[in-house]
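Student: need a 3D model of the sequence below.
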Amino acid sequence: MKPFLIAAALLAIDSLISPAAELTPYQQMGREIYRELIETDTSHSKGDTTKAAELLARRFRAEGFADQDIQVIGPAATNRNLVVRFRGTGAKPPVVLLAHLDVVEARREDWSFDPFKLTEKDGYFYGRGTSDDKDGATTLAAALLRLRQENFQPDRDLILALTAGEEGGSDVYNGVEWLLANHRQLVSGAFCLNADAGGVEKRNGKRLLYAVQAAEKIYQSYKLEAKAPGGHSSKPTPDNPIYRLARGLIRLSEYQFPIQLSEITRGYFAKMAEIETGEIANAMKGILREPPDPNAIKVLSASTAYNPLLRTTAVATLFQAGHAENALPQTARATVNCRLLPGDTAENVLNTLRRVMADDQISITPIKPAKPSPASPLTTEVLGAIEQAKEKLWPGLPVVPEMETGATDGLSFREIGIPTYGITGTAEDLDDVRAHGKDERMGVQDFYNALEFEYQLIKTVASQK
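Tutor: Below is the predicted model:
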């Protein structure tokens with residue numbers, strides 16, 4: 001008996017006792033995968049990403065995927081990655097489908113609900129990972145399972161990579177970096193579709209656009225340090241490293257890096273100018289002029305949402321100083337976190353920080369080497385497939401290129417020359433972002449829309465003429 005028919009029979013029974021009976025068999029499968037992943041704790045402190053990977057691996061085995069095409073691998077027993085290959089005709093090169101299985105920490109006492117139980121309430125699914133990124137892992141996996149159930153034959157191999165370690169931590173390896181370093185042949189493709197970025201953006205329940213993340217900023221932190229001989233606090237000296245470093249940080253807080261627009265951010269502001277209204281819309285038009293309108297720079301620079309799209313940013317995030325309350329400090333340290341525009345360099349930012357500090361007694365050292373993340377080209381193949389899939393769910397919704405101001409695992413693929421695009425199917429409320437926070441949630445209908453979107457997108461990408 002075919003899986004969809006079995007599911008339909010189960011739905012008929014469930015209809016007497018469960019609201020979920022109104023779901024299609026595909027939605028029912030997706031919801032069950034979502035529940036399994038949310039209710040598997042994959043946080044770094046006490047979770048088990050391997051368990052989540054094995055739960056999905058069993059589903060792929062049950063659908064007839066060959067054992068050699070299902071890999072649960074990684075150097076840590078409880079932090080392994082799942083890689084599944086859906087074999088195609090080979091007429092086109094493979095495509096990588098990326099999401100991560102791990103989540104940030106969540107404590108029950110901080111939440112209104114159990115963070116590791118899928119709770120449906122008032123039109124939302126609540127639980128850790130509902131929006132970052134178990135929604136992405138679910139929708140990609142469910143789409144491949146559905147295509148296999150339909151005996152779909154893709155023109156190219158589809159490589160599903162659901163990884164560990166994306167959320168970071170000093171003692172946690174990064175799954176994508178490890179796979180690319182040790183098993184690149186398993187996850188190498190013409191391009192990568194990343195379900196951890198992009199997607200529908202909405203406000204007050206209204207869909208505004210579908211964002212395609214084609215670039216992201218480069219993460220780089222610096223250690224700033226000032227030293228002095230110290231002494232007894234009853235005899236202050238003018239050479240106090242706390243004051244010295246504080247003065248430099250105040251100068252940094254008043255500095256802004258120059259504006260640099262790219263093809264992607266120009267496209268973003270051009271589209272957003274048609275969606276936004278009033279002063280913001282006028283500023284977006286003004287920023288595209290040559291030279292940019294000074295008032296437009298002022299308006300957009302005042303926005304925490306739009307300012308990071310204009311320039312590299314630097315902000316102090318940590319400060320440590322002194323060793324006793326009755327002693328003059330001998331050392332003051334600060335961490336400054338920078339997010340570099342694609343094309344900017346860590347060396348240029350380092351020189352800028354030194355110039356802004358204007359004090360050669362403040363040492364500035366990169367904490368780790370920056371990883372370059374060149375922007376991905378806006379190709380017809382990718383944007384055309386997104387447009388086709390999007391039209392089936394949200395006709396007329398504009399598709400807008402986007403630069404991520406944060407960081408995703410997509411940077412590791414871009415770093416080695418594999419173009420990567422953020423294409424999540426779920427929606428984000430611009431005024432209610434709860435990823436990493438209390439009561440993380442996803443709209444119920446937004447989740448079911450995402451199931452269908454990713455299915456349509458992957459099918460289109462795998463069979464385009």
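Student: what comes into contact with stretch 435-453?
Tutor: 23, 26-27, 30-31, 34, 104, 106, 110-113, 115, 120, 123-132, 135, 138-139, 142-143, 199-200, 389-390, 392-393, 424-427, 434 (CB atoms under 8 Å, 6 or more residues apart in numbering). Quick note: C-beta positions are derived from backbone N, CA and C, even for glycine.
Student: at 6 Å what do you get?
Tutor: 27, 30, 104, 110-112, 123-126, 128, 130-132, 135, 139, 142, 389, 393, 425-427, 434 (CB atoms under 6 Å, 6 or more residues apart in numbering).
Student: one more: stretch 213-220?
Tutor: Residues contacting stretch 213-220 (CB under 6 Å, 6+ apart): 197-198, 264, 338-340, 342, 346, 370, 373, 375-376, 378, 401-405, 407, 411, 421-422.
Student: that stretch: how far from the chain's middle?
Tutor: Distance of stretch 213-220 from the chain centroid (CA atoms, centre = their mean, to the nearest Å) equals 10 Å.
Student: go on, stretch 409-421?
Tutor: Centre to centre, stretch against its chain (CA atoms, centre = their mean), the figure for stretch 409-421 is 13 Å.
Student: buried ones in that stretch?
Tutor: Asp409, Gly410, Leu411, Ser412, Phe413, Arg414, Glu415, Ile418, Pro419, Thr420, Tyr421 (16 or more other CB atoms under 10 Å).
Student: helix or strand for the closest residue to the first one other than its chain neighbours, which one?
Tutor: Okay, so that is Asp409. Once flanking residues are discounted, Asp409 sits nearest to Val176: 4.2 Å by CB to CB, 6 or more residues apart in numbering. Assigned by DSSP states H and E, Val176 belongs to helix 175-182.
Student: got a list of contacts for the helix or strand following that helix?
Tutor: Moving toward the C-terminus from helix 175-182, the first helix or strand encountered (DSSP H and E) is strand 191-194. Contacts to strand 191-194, defined as CB under 6 Å, 6+ apart, come from residues Val96, Leu97, Leu98, Gly410, Phe413, Ile418, Pro419, Thr420, Tyr421, Gly422, Ile423.
Student: same question, stretch 383-395
Tutor: Tyr210, Val399, Asn449, Phe453, Gln456, Leu457, Thr460, Val461.
Student: same question for stretch 119-134.
Tutor: For stretch 119-134, contacts defined as CB under 6 Å, 6+ apart pick out 37-38, 99-100, 103, 106, 113, 115, 118, 196, 435, 439-444.
Student: of these, just the buried ones, ChimeraX syntax please.
Tutor: A single ChimeraX command selects the buried members of the contacts of stretch 119-134 (16+ other CB under 10 Å):
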select :37,38,99,100,103,106,113,115,118,196,435,439,440,441,442,443
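Student: now, which of the contacts of stretch 119-134 lie within strands?
Tutor: Using DSSP state E, the members of the contacts of stretch 119-134 that fall within strands are Ala99, His100, Arg441, Met442, Gly443.
Student: buried ones among the contacts of stretch 435-453?
Tutor: The neighbour count (16+ other CB under 10 Å) marks 27, 30, 104, 111, 124-126, 128, 130-132, 135, 139, 142, 389, 393, 425-427, 434 as buried among those.
Student: mind checking how far the closest residue in space to Pro377 that isn't next to it in sequence is from Gly406?
Tutor: The spatially closest residue to Pro377, leaving aside those adjacent along the chain, is Pro419, at 6.1 Å (CB to CB, 6+ apart). Separation of Pro419 from Gly406 (CB to CB, to the nearest Å) stands at 19 Å.
Student: one more: Ala77?
Tutor: Relative to Gly406, and taking CB to CB, Ala77 is found at 29 Å.
Student: those two: which is more packed in?
Tutor: A count of neighbours by other CB atoms under 10 Å puts Gly406 above the other of Ala77 and Gly406, at 11 against 8.
Student: using the three-state scheme, assign that one.
Tutor: On the three-state scheme (DSSP: H, G, I helix; E, B strand; the rest coil), Gly406 is labelled coil.
Student: go on, Ala332?
Tutor: Of the three states, Ala332 takes strand according to three-state DSSP.
Student: I'd say it and Gln320 touch.
Tutor: No. With contact defined as CB atoms under 6 Å, Ala332 does not count as touching Gln320 (7.4 Å).
Student: higher neighbour count, those two?
Tutor: It is Ala332, of Ala332 and Gln320, that has more neighbours when counted by other CB under 10 Å, with 24 against 11.
Student: for that one, give me its contacts.
Tutor: Ala332 makes contact with Ala226, Pro241, Ile242, Leu245, Ala321, according to CB under 6 Å, 6+ apart.
Student: and the residues you listed as a markdown table, adding neighbour count?
Tutor: Converted to a markdown table, the contacts of Ala332 look like this (neighbours: other CB atoms under 10 Å):
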| residue | neighbour count |
| --- | --- |
| Ala226 | 26 |
| Pro241 | 23 |
| Ile242 | 16 |
| Leu245 | 26 |
| Ala321 | 18 |
